[in-house]
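**Student:** got a predicted structure plus its sequence, pasted below:
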2 protein chains.
Amino acid sequence: MNEGPKHTLKLRRVAIDTYKENVAYLHRDCHLYRSEGFQALAKVEVSGEGGRRPVLAVLNVVDDDSITRPEQLGLSEDAFAQLGLPEGAAATLAHARPPASLQAVHRKIAGERLDYPDYEAITRDIVEHRYAKIEMAAFLVACTEAGMERDEVLHLTRAMAASGEQLNWGEPLVADKHCIGGIPGNRTSMLVVPIVAAHGMFIPKTSSRAITSPAGTADTMEVLAQVELPPHRLNDIVRRQRGCLAWGGTARLAPVDDILISVERPLSMDSPGQLVASILAKKLAAGATHLLIDIPMGPTAKVRNQLDALRLRKLFEFVGDRVGLHLEVVITDGHQPIGRGIGPVLEARDVMQVLENDPEQPRDLREKALQLASRILEFDPDVRGGQGYTLARDILESGRALEKMRAIIEAQGTSDVSREVGHLCDTINAERDGSVAGIDNQQMARIARLAGAPMDKGAGVDLYRKIGDKISRGEPLYAIHAEFDADFAFACEAAKQNSGFRLGP
Amino acid sequence: MNEGPKHTLKLRRVAIDTYKENVAYLHRDCHLYRSEGFQALAKVEVSGEGGRRPVLAVLNVVDDDSITRPEQLGLSEDAFAQLGLPEGAAATLAHARPPASLQAVHRKIAGERLDYPDYEAITRDIVEHRYAKIEMAAFLVACTEAGMERDEVLHLTRAMAASGEQLNWGEPLVADKHCIGGIPGNRTSMLVVPIVAAHGMFIPKTSSRAITSPAGTADTMEVLAQVELPPHRLNDIVRRQRGCLAWGGTARLAPVDDILISVERPLSMDSPGQLVASILAKKLAAGATHLLIDIPMGPTAKVRNQLDALRLRKLFEFVGDRVGLHLEVVITDGHQPIGRGIGPVLEARDVMQVLENDPEQPRDLREKALQLASRILEFDPDVRGGQGYTLARDILESGRALEKMRAIIEAQGTSDVSREVGHLCDTINAERDGSVAGIDNQQMARIARLAGAPMDKGAGVDLYRKIGDKISRGEPLYAIHAEFDADFAFACEAAKQNSGFRLGP
C-alpha cells in the first residue's frame, strides 16, 4: 500500500444558480475525476473539515480553468452555502450512496402501498438534498392520483409537516385560509384577514410570492407594507394585531414542499394528492387549527368541472379530519379573474378600494371576500350560524376592516414601493359589438407576466370589462401597463395574438 | 408600440459537460432574464440565424461575468455543438413550448394505454432533445412493469428502432447475440463471433463500452484491435470477414436509447419493458434477422430467480416474434464472474487463451462460448439440430476460430494499447481454510472499477479461485492490478472491507 489516497480539493464557489439542485463542478483533468470513475450527472457527496453535514450534488464536468481548475472542487451557489465553508477550504469528494428511502420509491413504482415511515424517510432525504431532480420526478409520478390512496395522502401530509419547524401559537383557535390558485387578481386574503382580525379572531396569515402567476399575495401586500419579517417580529405583530399579511418564506415550514415544487412545476404535475398534502402540511406546520379552502372552478381554472372539484373537496376533508384540522372547503366561481387589476400595484388598488368602500370598487372582489370571511367568522363558537355574512359586511362597511388593515401595515412597516402603475400603457379594444362571453384566466396571467409582473410592481393588466358586460366595437377591454420597452412590446404582441377575451352576440 | 423587442444575445460556449442534458446559462442582469419572467430550470428554446434547428435547454442563472456576461447566452458543450453556430453569433431565446407528446406521457401517468403513434411522438421528441431529464424520468416511471402492457413494449420497440438509422445488409441471415449484462468477465462475444464467422455465417457484432461495469466488449476488444471504425469501413470488413467486433457508437442506431439510458442509470430503473425495448430496438435497427439473448441468472446477477427469468424470456419472445426477429433466449448460470480476468487487458488474455487452446484457459468461459455459439450455428438451415455444439468445438479446436479472430483484428487494425497488466499489484487472501461458496458479481465489478478499469486498460481483478474451489488460509483468492497509486489504494480498501468472496466449510 502507498501513503493513501490523495483526495482533497480546494473549494470554489461557482456563481451559477441551479435552482434547488446542487451541482458540483469538477475539471476533466482532476485526478479524482479520473481515478474514481465519476461520471457526469453522477451523484457525489462533498464534505469538508469544519463544514456542516456533507452536501450531495450532481456532477458536471468542466473543461475551462476559469470555471473550475483541476485542483478545485466547484459548487453551485446553493450547494456552496449549504456546506458553509470559505473558498479555498479543503474538501473531499466521494460517490454518494443512494438514499436508503429510494428503495421505498422503487416499491411505490412497483405498485406497493407505502406506510408513514416510508413517507417520513422520503421527505427527510429530500429535505437533506439527498434526492436528485430525476429521483424526485420518479417519486412524484409514482404518487399521482392513480397510484396514491387516501391513507397515503394522509401519511405524506404528516411527513411533510414534520419535515421542518412546527409553530404552536398557544391559542385555542388559529384561523387560516388558502386558495388553490389559478385565478388572476384573486386577492381575497388581503380583505379576509383585516375583517377576521378586526373581529378579534387570530389569523396569522403568511403567503407565498408568485412563481408562475403575475402576483402572489406577498407580492401585492408588499406594495403597501414590509412582508419579509423575521419570525420573532412576525410573532409580536400577530399577538398584538390578531392578524398579519406576511411572506411565509422566513419560517422553515414543510420545507420539503418548496423542493418538490421545483420539480412539479416544470413537469406540470398537479395531482390532487400532492396538492392536498402540500397545502395541509404547510398549514399544519404553521399551527392552524381552523382552515378554509377555496377551490375556484371554471373552464380555465385549475379545477374545471364539478366532479373534480367534489373529489378534491372530499380528499381535503378526509385528510383534514385526520390531522385534526377543522376544515371547510368552498367551491367558488373561477370563470374569470377576480377584481380588475392583475399585477401587484393594480391589485393593491382594488383591495384598498374595497376596504375604503369606494363606489368604484370591484364588486366581485368585495362579494367573494365577504363570503369567505363569513365562513371563517362562523368558526368562532360565539358567532351564530348564518350570521357570519352580516357580521363581515358590518366590519367592512363600518371602516373597522380598513382601520385593522392600516394597523397591520403600520405594524409590519409601511412599504417604500411606488404605487404608480407602469407608465407605458396601451389598451386592447373590442373588434366588434357584443358582450363578453368568456375571459381566459391563463392568457390574462400570461400577458400580465410578460408586461413585467410581479417583478415590476406597477406592471400588469387592468380589466375594464368582465363576463356579461356589453361592449361596442373599438371600446377598450383592458389596459396593459409596463415599465420597460421590451416587456411592453412582448405583452402587447401576446395580447394581439390572443386577447384572452371571447365576445358573444 | 416601440421599435420592437431587442432580444438577441451573443452566443458563448460554456465548457461544462452536462451529459446529455442541454443547459443554457443566462446572466442574472441580462435584460431578457428580467423581462421574460424566465426562471432557473425553465425550459428555453435557443435559435440563431443560419443555425441548425432550435435547441432546447434548461436554464441556469449565472452571477459571474467570467462564465457568461449579461449580453451573452451561454450554452453547455453538447447544446453548443447541436446549434452549430460559432461563438459570438446572434442568438435568440424564448420560452420553450412543452413538447406535444408530453400530453401522452401525462395520459400514461394517469393510467391510460398508449398506442404506437404516441410512442413514436415521444421517442421523436426525446431524440430532438425536447425532453428535460425530469420529463424523461416521468416517462420511464410511468412505463414500468406495472404500467406497461406487452403491446406497449412492442410499440415502444418499434418507435425506438425508427428513431434513427436502420441498416439493411442485404443478407438472408444476419446473426447477432446480446447478453443483458451484470456478469463481470463475461466476454463470450469475442469467442462466439470468430467461431460463427469462421463457419461463414454473417455476424456484424457491434458492442458498447462500459458505463457502470469494469469493461464492455468494445473496451476489451480495443486491447487487441481498433474498434472505432467509420460505418463504410465497418461495412467493408464485415462483407469480407463475415464478422466484426466493433464499437457501436459510430452508427446512429436507436439513438433515443442512449438518451433514455442517461436517466435510467442514475435512477437504477431497469424495468423489463424498457430493457426488452432497448435491446430489440438496437438489434432491429442494426439489421439483425436472427438473435440469441443471454440472460444470466444468479443471486448477484441482474435477474435473480427463475420466475423473473422466464417472464423476461417470454417478453423477449413476444416482441421478437412480432417485429420479425428469429429470436432465441438462453438462461445461463450467473452465480459468479465468467473467466478469470475482470478489466480489459485481463479479459483479452482470457479470450486469447481460449482461442489458442491454451491448457491454462478458463474452462467456464470456453464452455459458455461454445454453448452460445452452438445455438447461433443452428440458426443455419444447413446445420442439423443438435450438431451445433460439435461444430463449434471443431471450429475452436482446429484453430479456425483463432485464425478468424486474427483476420478480424488485422482488418479492423491492430491496437497500439499495451497488453501489460497494471504494475501495482496486491493479492486478497483467504482468512481461513474452506472452499469458495459464493462470489459477488457486483462487488468484484466495483473493485475492478476502483482499480481503474475500464479507463486504465491494465487495471482490474484476476480471479485465482472460483465457486467450489478448495482454499487454505493465507492463499490468494484474487489479485488487484492498478496503474495509479490513488486507484490502487481505493480498490484495496474496498476489497479489505468486503472481499466479495464467501467461504464455506
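**Tutor:** That came through, no problem. These numbers were taken from a predicted model, which means no experiment stands behind them. Numbering: from 1, shown residues only, chains lettered A, B, ... in the order given.
**Student:** how close does the residue nearest the centre of chain A sit to chain B?
**Tutor:** Nearest to the geometric centre of chain A sits residue A:208, at 4.6 Å (Cα atoms, centre = their mean). Distance, residue A:208 to chain B, by Cβ to the nearest Cβ, to the nearest Å: 14 Å. (C-beta placed from N, C-alpha, C; glycine too.)
**Student:** same deal with residue A:360?
**Tutor:** Counting by Cβ to the nearest Cβ, the gap from residue A:360 to chain B is 29 Å.
**Student:** surely that residue touches residue A:354?
**Tutor:** No. The pair residue A:360 and residue A:354 fails to qualify as a contact (Cβ atoms under 8 Å) at a distance of 10.1 Å.
**Student:** so which of the two has more stuff around it?
**Tutor:** residue A:354 (24 against 9; other Cβ atoms under 10 Å in any protein chain shown).
**Student:** how much space between the closest residue to the residue nearest to the centre of chain A other than its chain neighbours and residue A:268?
**Tutor:** Leaving aside its chain neighbours, residue A:208 sits nearest to residue A:216 (4.9 Å; criterion: Cβ to Cβ, 6 or more residues apart in numbering or on different chains). From residue A:216 across to residue A:268, the span is 19 Å (Cβ to Cβ, to the nearest Å).
**Student:** ok, the two, which is more surrounded?
**Tutor:** Counted by other Cβ under 10 Å, residue A:216 and residue A:268 do not tie: residue A:216 has more neighbours, with 22 against 12.
**Student:** per-residue confidence at that one?
**Tutor:** We have a pLDDT of 93 for residue A:216.
**Student:** same question for residue A:192.
**Tutor:** According to the prediction, residue A:192 has pLDDT 98.
**Student:** name the residues of the helix or strand hosting residue A:232 that are buried.
**Tutor:** Using DSSP states H and E, residue A:232 maps to helix A:231-241. Neighbour-count burial for helix A:231-241 flags A:233-235, A:237-238, A:241 (criterion: 16 or more other Cβ atoms under 10 Å in any protein chain shown).
**Student:** by contact count, what packs against that helix?
**Tutor:** strand A:203-207, strand A:243-247, helix A:400-412 (3 or more Cβ pairs under 8 Å, 6 or more residues apart in numbering or on different chains; DSSP states H and E).
**Student:** go again with 6 Å.
**Tutor:** strand A:243-247, helix A:400-412 (3 or more Cβ pairs under 6 Å, 6 or more residues apart in numbering or on different chains; DSSP states H and E).
**Student:** return the list of helices and strands in contact with the longest one.
**Tutor:** In other words, helix A:400-412. Helix A:400-412 sits against helix A:189-198, helix A:231-241, helix A:344-355, with contacts defined as 3+ Cβ pairs under 6 Å, 6+ apart.
**Student:** residues in contact with it?
**Tutor:** Outside helix A:400-412, the residues that touch it by Cβ atoms under 6 Å, 6 or more residues apart in numbering or on different chains are A:194-195, A:197-198, A:224-226, A:237, A:241, A:355-356, A:395.
**Student:** which parts of the stretch 101-250 of chain A are helices?
**Tutor:** Assigned by DSSP state H, counting those that start in this stretch, the helices in the stretch 101-250 of chain A fall at A:102-109, A:116-127, A:133-142, A:150-161, A:189-198, A:217-221, A:231-241.
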